[in-house]
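**Q** Quick one, what's the 3D model for this:
(one chain, ligands or ions: 1)
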Amino acid sequence: MEKYYITTAIAYTSGKPHIGNMYEIILSDAIARFKRNHGFDVLFQTGTDEHGEKIEIKAKEVGKTPQEFVDEVSSEIRRLWDLLNISYDKFVRTTDANHEKVVQNIFKKLYDQGDIYLGEYKGLYCVPCESFFTETQLVDGKCPDCGREVKETSEKAYFLKLSNYTDRLIKYMEEHPEFILPVSRKNEMINNFLKPGLQDLCVSRTSFKWGIPVSFNKEHVIYVWIDALANYITNIGYDVDNSTDEFKKYWPVDVHVVGKDIIRFHTIYWPIMLMALGLPLPKQVYGHPWLLFQNDKMSKSKGNIMYPDDLVNLFGVDAVRYYCLHEVSFANDGNITYDLIIDKYNTDLANVLGNLVNRTISMANKYFTGTVSNKGVSEEIDSSLINLVNEVDLNVSKYIDEFNISEALTVIFDALRRCNKYIDETTPWVLAKDESMMDRLETVIYNLLESIRVLAVNLDPFLPDTSKNILKQLNTNDMSVTFKDREFSGMENEPLFQRIDKEAMLKEINE
Ligand code: MSP
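**A** Modelled structure (predicted):
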């Protein structure tokens, strides 16, 4: 079996995650499920990023130790991932003892071989972003990433020599045009960061304690990004001189799915760490766009955060998954509001999908007391439907490989719309009035049932519960993705995605 290793960024444990963070995990879950269904031996890893000054400060604010604080947030994140039906195989925490040990070993190895050296750091530091900046990098005297105050810091620190590896990295990027997705971000990395020359990266801190100590100089803790990036290898069994078979099997990773804001860390610092360790580089890094609230960044200070619990309570898990996956495209940010979710729910999930399944099973039960097979009384219009449905898997597969998940879903929903149109065109209720048309009617209903079955199978990676529910209603567990001759019987109709009364729900939400 071919392996497929996919990871998400590991979420900060500085606070409860919001629906923005959810997008990435839902996206990665859809890909992981798709690959599993297509015969890959998938390893899907996610987790939490638990060190750093910000967490130390937050914990203090609420009178907890950093460990107590991250224990709570990490389990809350895990609870939400489970709520969203995320099929991760591994959940890594950067406070795991093994991770901490291996990160120390990595740091020591790089120090021993001269890639890391002790120097002095003078600079401007942004605590929330855990990043140093030079004067010229600031925007209006503030952090260029988050716009908050930076503070002047001077300390003895360890540095990672990035310059040793710049040329090799540029060469790698140029020889692997698909290494960074979207491809436009590759040029940005090369032209804005690599070509002007990289300053050595400061990889230790002495100004706070909540981090992994440098094993041979305990006053220093390891820079949180070095610690965090290493999760992708520590948690699958890497160690500097003795890695497990699991590591040998799954590394290099097939894709790191990360947000657009952290592409630089994954395509410059991380590959350089790997080169220094003598390990192969990731096959791909996909920097996805963001999910915005009313086209704005969600943040606690703006009070515009939507939480996954609330959304799941109102709409159900699969509707939330559907909205996120459909709304954010391969390269453009998506927008989320209650108004938009309700509209999408009603048009796509209730009208297109729910209605089709409901209408079709009801007709099967009404006209044929629930037992339907292919009577083979075909008309031309049937083959256009069947051909379209048979091609869905291939088209979805192509879009998944391009990380264009929104398009993949569109392919399926276009086919569902086509089925609804087929009902309008074949008018089963008219056929039902004519005794001589019974076999034609049964063929029509059969074509619809089998189309729904195939499309439900296609929906599985995106809307896993709904997919299973539809297959249960059809009383089949056949997961093949092409049309077959079969008999449907014992079907039970249970309405899916009932229309939402928008005004009533918005009123409820506002209250
Ligand atoms: N801890 C670092 C990642 C370390 S990976 C070795 C981090 N954490 S984060 O919690 O801030 O973000 C986790 C992921 O969520 C990132 O990939 C980030 O881009 C993504 N998102 C955060 N807000 C988002 C949206 N509003 N929309 C979509 N993704 C967003 O960065």
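
**Q** Give me the packing partners of the helix or strand bottoming out on mean pLDDT in the chain, helices and strands only.
**A** Each helix and strand of the chain was given a mean pLDDT (mean pLDDT, DSSP states H and E); the minimum falls on strand 131-133 at a mean of 82. Using 3 or more CB pairs under 8 Å, 6 or more residues apart in numbering; DSSP states H and E as the contact test, the elements touching strand 131-133 are strand 116-126. (C-beta placed from N, C-alpha, C; glycine too.)

**Q** can you list contacts of the strand it packs on?
**A** With contact meaning CB atoms under 8 Å, 6 or more residues apart in numbering, strand 116-126 is reached by 107, 110-111, 131-135, 138, 143, 145-146, 148-161, 200, 202-203, 207, 217.

**Q** okay, it in PDB with CA atoms only?
**A** Extracted in PDB, the C-alpha atoms of strand 116-126 (Å, rounded to 0.1, in the frame of the first residue of the first chain):
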ATOM      1  CA  ILE A 116      24.000  26.300  15.700                       C
ATOM      2  CA  TYR A 117      26.400  28.700  17.500                       C
ATOM      3  CA  LEU A 118      26.300  30.900  20.600                       C
ATOM      4  CA  GLY A 119      26.100  34.700  19.800                       C
ATOM      5  CA  GLU A 120      24.400  37.800  21.100                       C
ATOM      6  CA  TYR A 121      21.000  39.000  20.100                       C
ATOM      7  CA  LYS A 122      19.900  42.700  20.000                       C
ATOM      8  CA  GLY A 123      16.600  43.300  18.500                       C
ATOM      9  CA  LEU A 124      12.900  44.100  18.700                       C
ATOM     10  CA  TYR A 125      10.700  41.300  19.900                       C
ATOM     11  CA  CYS A 126       7.000  40.800  19.500                       C
END
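
**Q** Which strands border it, and is each parallel or antiparallel?
**A** Strand 116-126 has the following strand partners under DSSP bridges: strand 131-133 (antiparallel), strand 151-160 (antiparallel).

**Q** Name whatever forms a beta bridge with whichever residue of the stretch 151-300 of the chain sits closest to the ligand.
**A** Residue nearest to the ligand within the stretch 151-300 of the chain: residue 259 (1.6 Å; CB to the nearest ligand atom). Bridge pairing for residue 259 (DSSP bridges) gives the partners residue 288.

**Q** from the contacts of strand 116-126, which are also near the ligand?
**A** When CB under 6 Å from any ligand atom is applied, no member of the contacts of strand 116-126 is adjacent to the ligand.

**Q** now the residues you listed: which count as buried?
**A** Listed as buried from these are 107, 110-111, 131-133, 143, 146, 150, 153, 155, 157-161, 200, 202-203; burial here means 16 or more other CB atoms under 10 Å.

**Q** Next, the buried residues of stretch 83-92.
**A** For stretch 83-92, by 16+ other CB under 10 Å, it's 84-88, 91-92.

**Q** closest to residue 465 among those residues?
**A** Checking the buried residues of stretch 83-92 against residue 465 by CB to CB gives residue 85 as the nearest, at 6.6 Å.

**Q** so that closest one, which of the three states?
**A** State at residue 85, reduced to three classes by DSSP: H, G, I helix; E, B strand; the rest coil: coil.

**Q** Which residues are in contact with it?
**A** Residues in contact with residue 85 (CB under 8 Å, 6+ apart) are 29, 317, 321, 464-465.

**Q** One more pass at 10 Å, please.
**A** For residue 85, the contact set (CB atoms under 10 Å, 6 or more residues apart in numbering) comprises 26, 29, 33, 312, 317-318, 320-321, 463-465.

**Q** now residue 248
**A** Residues in contact with residue 248 (CB under 10 Å, 6+ apart) are 236-238.

**Q** Tell me which residues touch residue 158, please.
**A** 107, 110-111, 116-119, 121, 200-205, 214, 217, 220, 222-223, 226.

**Q** mind running it again at 7 Å?
**A** Residues counted as contacts of residue 158 (CB atoms under 7 Å, 6 or more residues apart in numbering) are 116-118, 203-204, 214, 220.

**Q** so can I have JSON lines of these showing pLDDT?
**A** Below are these laid out as JSON lines (pLDDT from 0 to 100):
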{"residue": "116", "pLDDT": "98"}
{"residue": "117", "pLDDT": "97"}
{"residue": "118", "pLDDT": "96"}
{"residue": "203", "pLDDT": "96"}
{"residue": "204", "pLDDT": "96"}
{"residue": "214", "pLDDT": "98"}
{"residue": "220", "pLDDT": "97"}
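
**Q** Of those, which is the nearest to residue 245?
**A** Of all those, residue 116 has the smallest distance to residue 245: 28.8 Å, by CB to CB.

**Q** Just give me the neighbour total for the closest one.
**A** The tally of other residues near residue 116 (other CB atoms under 10 Å) stands at 25.

**Q** So residue 45, which state does it fall into?
**A** Secondary structure of residue 45, reduced to three states by three-state DSSP: strand.

**Q** switch to numbering from 825
**A** Got it, first residue is 825 now, which makes that one residue 869.

**Q** For residue 1027, see how far away the residue in the stretch 825-974 of the chain that the ligand sits nearest to is.
**A** Nearest to the ligand, among the residues of the stretch 825-974 of the chain, is residue 844, at 2.3 Å (CB to the nearest ligand atom). From residue 844 over to residue 1027 the distance is 28 Å, taken as CB to CB, to the nearest Å.

**Q** do residue 1214 as well
**A** From residue 1214 across to residue 1027, the span is 53 Å (CB to CB).

**Q** Residue 938: neighbour count?
**A** Residues lying near residue 938 (other CB under 10 Å) number 10.

**Q** Pretty sure it sits in a helix.
**A** No. Looking at residue 938 with three-state DSSP, it is coil, so not inside a helix.

**Q** How confident was the prediction at it?
**A** At residue 938, the predicted lDDT confidence score is 97.

**Q** Save the contacts of residue 982 as TSV, and put in distance to residue 1100 too.
**A** Shown next, in TSV, are the contacts of residue 982 (distance: CB to CB, whole Å):
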residue	distance to residue 1100
940	9
941	13
942	17
1027	11
1028	16
1038	16
1044	18
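
**Q** Could I have the PyMOL command that selects the buried members from those residues?
**A** Buried residues within those, by 16+ other CB under 10 Å, are selected in PyMOL with:
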select buried, resi 940+1027+1028+1038+1044
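
**Q** and the strands paired with strand 940-950, which one's lowest on average pLDDT?
**A** Per-segment mean pLDDT for the strands paired with strand 940-950 reaches its minimum on strand 955-957, at a mean of 82.

**Q** Quick one: neighbours of residue 1212, just the number.
**A** For residue 1212, the count of nearby residues is 17 (other CB under 10 Å).

**Q** Specify the beta-bridge partners of residue 980.
**A** residue 944.

**Q** Break down the stretch 1175-1324 of the chain into its strands, ranges please.
**A** Counting by DSSP state E, counting those that start in this stretch, the stretch 1175-1324 of the chain has strands at residues 1196-1197, 1311-1312.

**Q** of all those, which lies closest to the ligand?
**A** Between the ligand and these, the shortest gap by CB to the nearest ligand atom is with strand 1311-1312, which sits at 40.6 Å.

**Q** helices or strands up against the helix or strand that the closest one is followed by?
**A** Next along the chain after strand 1311-1312, taking DSSP states H and E as the criterion, comes helix 1326-1334. Packed against helix 1326-1334 by the contact rule (3 or more CB pairs under 7 Å, 6 or more residues apart in numbering; DSSP states H and E) you find helix 1162-1168.

**Q** Would you mark the buried spots in the helix it packs on?
**A** 1162, 1165-1166, 1168.

**Q** nearest to residue 1235, of these?
**A** Residue 1235 has its nearest neighbour among these in residue 1168, at 16.8 Å by CB to CB.

**Q** I'd say the closest one and residue 1148 touch.
**A** No. If you go by CB atoms under 7 Å, residue 1168 and residue 1148 don't touch, sitting 10.5 Å apart.
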